[in-house]
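# build the 3D model from these lines:
(one chain, ligands or ions: 1)
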Amino acid sequence: MEHFLDIQQLTRTDIERLLDRSGYFKDGGTGEGFPQHTVAQLFYENSTRTRISFEMAAKNLGMRVINVDLAHSSEQKGESLDDTILNLRAMGIRYYVIRHSEEYVVHGLAERLHSHDIHFINAGDGKHAHPSQAMLDIMTILTHKPELSSLKIALVGNIRHSRVANSLQHVLSKMDCGEFVMVAPPVWQPQTVFFGNVSASLEESLEGADVVIGLRVQRERLTAGEEMDFEQYRQDYALTNERIQQLAKPDAIVMHPGPVNRGVEMDSELVDSARSKILEQVSHGVFMRMAILEALT
Ligand code: CP
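Alright, predicted model coming up:
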């Protein structure tokens, strides 16, 4: 694999290979070390999970990691992102983990700088894609519910602005998920659907669900006309212990990519419950990102 940009680039075999390798790392496997490689991390948007788990993953593989201090880099003096990368490349760095608020920025870099022997990883680009999140999500789902073709998965929240929702649709489609429903009030429903159904009814969507995934209410991504009365949203769509117990399967699991707005899209009681796999998703993130980095070497 040259780059890791989105789920669409992966075949089902690629996905299965990454799942195998991440499982190997989870079981304590160490693999080959790569002390000759350095990873540069450029995060133009805030991150806790993705940035630190890529850093841990790289270090677990013996790689060196540089977190580029963007607030003090020469981009602040007008240097372009392309020139920043080319200068880091001149220092010998070939691996780049990039999060950006604009869609397709990492794809553009991969295309323009293709002759420089560089590997790019998309750590989330605007509303477009978050492929490593989708991979750790499918790893978590399969850990608890291996029969994907017979599962009902409900994704609840602001689907329209969610790169997580986009990447999840692609991975569930490639892995033949039985039923996938995206639940949101009309103003937050997706304009384009790759896989699954869309519903405004939380009750119908949670009915018989095996996996329920909450999404963060992304206040910062709302544009004019998309505002929401959050008290109304809570009444209609908040994921609570009571709703899950009444509607979903008795052994349903609950997930969330984080960060969670406790008491907004999901109640604390549910976040901290036995059915919540939210922190397990975070643990899986390190193993899956080890598999992704290893696949690029
Ligand atoms: N899930 C996720 O991308 O979290 P961070 O924004 O903390 O990386």
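# can you pull out the helices in this structure?
Using DSSP state H, the helices of the chain run over residues 12-26, 49-60, 81-90, 105-112, 131-144, 163-174, 202-206, 230-237, 241-247, 268-271, 278-296.
# and the ligand, which of these is closest to it?
Of all those, helix 49-60 sits nearest to the ligand, with 3.2 Å by Cβ to the nearest ligand atom. To be clear about C-beta, it is placed using only N, CA and C from the backbone, and glycine gets the same treatment.
# other SSEs contacting the closest one?
strand 38-43, strand 64-67, strand 95-100, strand 119-125, helix 131-144, helix 278-296 (3 or more Cβ pairs under 8 Å, 6 or more residues apart in numbering; DSSP states H and E).
# can we see that at 7 Å?
Judged by 3 or more Cβ pairs under 7 Å, 6 or more residues apart in numbering; DSSP states H and E, helix 49-60 is in contact with strand 38-43, strand 64-67, strand 119-125, helix 278-296.
# ok, it near the ligand or not?
Yes. Helix 49-60 reaches the ligand (Cβ under 6 Å from any ligand atom) through R49, T50.
# how about that helix: buried residues?
Across helix 49-60, burial judged by 16 or more other Cβ atoms under 10 Å covers R49, T50, R51, S53, F54, E55, M56, A57, A58, N60.
# which of the helices and strands packed on helix 49-60 is buried the deepest?
Neighbour counts (mean count of other Cβ atoms under 10 Å) averaged over each of the helices and strands packed on helix 49-60 peak at strand 119-125, with a mean of 25.
# how about the residues of the stretch 151-297 of the chain that lie near the ligand?
Counting by Cβ under 6 Å from any ligand atom, the stretch 151-297 of the chain sits next to the ligand at P257, G258, P259.
# now the residues you listed: which count as buried?
Buried among these (16+ other Cβ under 10 Å): P257, G258.
# and R243, what does it touch?
Listed by Cβ atoms under 7 Å, 6 or more residues apart in numbering, the contact partners of R243 are L206.
# could you check how far F4 is from the ligand?
Going from F4 to the ligand by Cβ to the nearest ligand atom, to the nearest Å gives 15 Å.
# I'd like to know how far that residue sits from V171.
13 Å (Cβ to Cβ, to the nearest Å).
# again with A291
14 Å.
# one more: A134?
Distance from A134 to V171, by Cβ to Cβ: 4 Å.
# out of these two, which sits in the busier spot?
The neighbour comparison of A134 against V171 (other Cβ atoms under 10 Å) goes to A134, with 27 against 23.
# show me what contacts the closest residue to that one other than its chain neighbours?
Distance criterion Cβ to Cβ, 6 or more residues apart in numbering; nearest residue to A134, sequence neighbours excluded, is S167 at 3.6 Å. Neighbouring residues of S167 by Cβ under 7 Å, 6+ apart: D6, I7, A129, H130, P131, Q133, A134.
# tell me the pLDDT of the third one.
Per-residue confidence for A129 comes out at a pLDDT of 98.
# contact partners for L215?
L155, V156, G157, N158, S162, V164, A165, E265.
# inside strands: which ones of those residues?
Judged by DSSP state E, the contacts of L215 include L155, V156 as members of strands.
# who wins on neighbours among the contacts of L215?
G157 (29 neighbours).
# excluding chain neighbours, what is closest to it?
L215 (2.9 Å).
# quick check: of the residues of the stretch 151-297 of the chain next to the ligand, which lies closest to G78?
P259 (32.2 Å; Cβ to Cβ).
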